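> Here you go, sequence then predicted model.
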Amino acid sequence: MTIIHDQNYPNLDKLLWVMDRLRDPEDGCPWDLKQTFASIVPFTLEEAYEVADAIESGQPEAIREELGDLLFQVVFYARLGKEQALFDFEDVAGAMAEKLIRRHPHVFAQAKFDESEVKANWEAEKAKERADKAGGSASLLDNIPRAMPALTRAAKIQKRCATVGFDWPDTEGVFAKIQEEILEVQDELAKPQIDEQALEEELGDLLFATVNLLRKLKKDPETMLRRANDKFEQRFSYIEAHLNGQGLSLQQASLEEMEKLWQQAKQQGKT
């Protein structure tokens, strides 16, 4: 099979050319031609997670490949925008450059800010942008995407509120709040007739309070939970492997046997 393309294109232009060919009404790819803004959103989210996985793996080639996949998503959206006379790739790139210039006057306008003033100016510029989009009246919590993972969105909401002082001064208050939420969950579970809606609300409050602790400690909740998932998987795989080596299945092993192997896996992880 002969691949026809112009090797002289700069790489970004080549990618845009590939996108043009894929969306060509007569000779393009049937799958790509069927796509819309909405239909490719799940792929965009998936690619973003794959970038995160590649970065955690520490493998440069994997990072490069996954970043390319994510860049293609941007190129795809830009092509759809161009076809509908809404915007094109140049518009997307130009708007991003202008936004960054506007948010960094200490870099591009010779303004003198210390570190705290840089952060304050960044938040002020974002607030102004939200107000402009809302026609002059905006909520502090506007433009926090509902499609975000819930843990990330919770941290984002809390971070926004903290910029206006709606926050605990230290982690002591957060720990107290977590303890309060645990007691409220226990109270719901202790009732003769459990109100499932009330229980779910209290469980959600407990999760939200826990996210607040991670935020106060400057930890990303998604990253922390992803690492906890990985650690659990590794330890459980250790249990499976050792049971298999003994000719036993998980169903045949007792809880005590699995717990013993779990503790062994924990000790191995510390060495």
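All right, it came through fine.

> Quick one: residues in contact with the helix or strand bottoming out on mean pLDDT in the chain.
For the chain, using mean pLDDT, DSSP states H and E, the weakest element among its helices and strands is helix 115-133, scoring a mean of 77. Contacts of helix 115-133 from elsewhere in the structure, counted by C-beta atoms under 8 Å, 6 or more residues apart in numbering, are 99, 102-103, 105-106, 111, 113, 137-140, 142-143, 163. Where you see a C-beta, it was placed from the backbone N, CA and C, and this is true even at glycine.

> Same question for stretch 22-34.
With contacts defined as C-beta under 8 Å, 6+ apart, stretch 22-34 is touched by R21, F76, R79, E83.

> Need those residues in CSV (columns: secondary structure).
Compiled in CSV, the contacts of stretch 22-34 are given as follows (DSSP: H, G, I helix; E, B strand; the rest coil):
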residue, secondary structure
R21, helix
F76, helix
R79, helix
E83, helix
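
> and the contacts of helix 115-133, which are buried?
The neighbour count (16 or more other C-beta atoms under 10 Å) marks R103, H106, A138, T163 as buried among the contacts of helix 115-133.

> Which residue ranges of this protein form strands?
With strands called from DSSP state E, the chain shows none.

> mind checking how far the nearest residue to K159 once chain neighbours are set aside is from G204?
With sequence-adjacent residues excluded and distances taken as C-beta to C-beta, 6 or more residues apart in numbering, K159 is closest to R215, at 6.3 Å. As judged by C-beta to C-beta, to the nearest Å, R215 and G204 stand 16 Å apart.

> out of those two, which sits in the more crowded spot?
R215 (20 against 13; other C-beta atoms under 10 Å).

> That one and A155 touch, don't they?
Yes: with contact defined as C-beta atoms under 8 Å, R215 and A155 form a contacting pair (5.0 Å).

> Touching both of these two, which residues are there?
P221.

> coming back round to it: let me have the contacts of stretch 22-34 in JSON lines, extended by pLDDT.
Converted to JSON lines, the contacts of stretch 22-34 look like this (pLDDT from 0 to 100):
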{"residue": "R21", "pLDDT": "95"}
{"residue": "F76", "pLDDT": "98"}
{"residue": "R79", "pLDDT": "97"}
{"residue": "E83", "pLDDT": "97"}
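
> so which of those comes closest to E222?
Of all the contacts of stretch 22-34, E222 sits closest to F76, with 24.6 Å by C-beta to C-beta.

> roughly how far apart are the nearest residue to the closest one once chain neighbours are set aside and K156?
If the residues on either side of it in the chain are set aside, F76 comes closest to I40, at 5.8 Å by C-beta to C-beta, 6+ apart. Using C-beta to C-beta, I40 is found at 24 Å from K156.
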